[in-house]
Structure formats: C-alpha cells, structure tokens
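**Q** Here is my input; please provide its structure:
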Amino acid sequence: MTKSTQSNGQKTDAEARAELSRKGHMAFSWDDLDEVTLPTGIQTRMYRVGMPDQPGSPTVFKAYYPPHCTVEAHTHDCDYTEIILEGSQRVGATWHHAGDIRVGLANRGYGPLVAGPEGATVLFLFADGRWPAITIGNNDGSTLGSEVITAHFERKNTG
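**A** Next comes the predicted model:
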C-alpha cells in the first residue's frame, strides 16, 4: 500500500499536483484519503481525477451510509453516476442493491436517500468539481453535509 507523505492523511492539492507533474501519475488507497464524518453519520472519502485543483476534474467519493440513514432530496450542478458497492439504498420509492448503477443529470432532483437495514456503501463519480449537493423544495440542507466536506478540504489546503 502506498502511503501519503503526510502524517495527517491525504495529500494537499499542492502536494498531489507536484507529484502528478513530476511523475505523471500517483497511486494510493482509500485508506490514504481523509475520512470525513458528516453529522448524519455518513463517512466519506474523496479525490479528484487529474489535477486536484482544476474545476473540470472529475470528483470521486466513496461513502458509507449507516443503517436507515436518511438524506433529503437534492440535486447537483453536474452530471454524476453512483454505484452501490455493498448494502442497499432507497432513492425515492425505488430500492437499489449491490451492483446497481444510477446515472443522473445535473440540476435534476432525486431522493430522499434512505440506507437499508445493513447500511450502504456507495461509489459516486461526479463529472467535475461542482458536486456539492443543492437543496430542493422545502428541504433545509441539514442532512446534506456538503459544507462539512468543503470546509475540511479548504482547511487542509490553506494551512
């Protein structure tokens, strides 16, 4: 397993950019990435494909939803796909199970998301850096957690 040079987890964008510029590639595992736990109990890790500080770079998340965890209906400013790796998750009225794939277009709402009784591990691939969830309808955003993730990486990359 390749470990980050930092003792505090994931490389900063500047460190990743330097390594990619020097070598043309880099390797790591999910365990090398910072885990961010959201107020809902969702645990997520993410990285950017290509240069991490480029807005057009695709963004990849692996997220674990605890059993029965609910995330309100929302949308995103970019296209995305998600793959259920383990467990099950209801999206709206439809249940999805390990191996199922959903593809979504930007600015099209979906949800709520509800993890099954065993929880759910989901891989998300966003077309670019415009992944933060956007509230829709009467939802207040309290279950989305995008601000927690963005704040974590802003702190990491600025100091």
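**Q** and the longest helix for this protein?
**A** Longest helix of the chain, by residue count under DSSP state H: helix 146-158.
**Q** center of the chain - which residue?
**A** Against the mean C-alpha coordinate of the chain, by CA atoms, centre = their mean, the closest residue is Phe61 at 3.1 Å.
**Q** Now it: which helix or strand?
**A** Take DSSP states H and E as the rule and Phe61 turns out to sit in strand 59-65.
**Q** what's that strand packed up against?
**A** The contact analysis (3 or more CB pairs under 8 Å, 6 or more residues apart in numbering; DSSP states H and E) places strand 59-65 against strand 43-48, strand 80-91, strand 113-126. No exception for glycine: its C-beta is placed from N, CA and C like everyone else's.
**Q** Apply 10 Å and report the result again.
**A** strand 36-37, strand 43-48, strand 80-91, strand 113-126 (3 or more CB pairs under 10 Å, 6 or more residues apart in numbering; DSSP states H and E).
**Q** contact partners of the first one?
**A** Meaning strand 36-37. 42-46, 61, 63-64, 145, 148-153 (CB atoms under 10 Å, 6 or more residues apart in numbering).
**Q** Check stretch 148-159 too.
**A** Here stretch 148-159 has contacts from 6, 8-15, 34-40, 42, 44-46, 48, 52-53, 61, 131-133, using CB under 10 Å, 6+ apart.
**Q** Which one, of the helices and strands packed on strand 59-65, ends up nearest to Ala73?
**A** Closest to Ala73 of these is strand 113-126 (CB to CB; 8.3 Å).
**Q** Mind listing what's buried along the closest one?
**A** Residues Leu113, Val114, Ala115, Gly116, Gly119, Ala120, Thr121, Val122, Phe124, Leu125, Phe126 are the ones in strand 113-126 that count as buried (16 or more other CB atoms under 10 Å).
**Q** of all those, which two lie farthest apart?
**A** It's Gly116 and Phe126 that sit farthest apart of the buried residues of strand 113-126, by CB to CB, at 23.3 Å.
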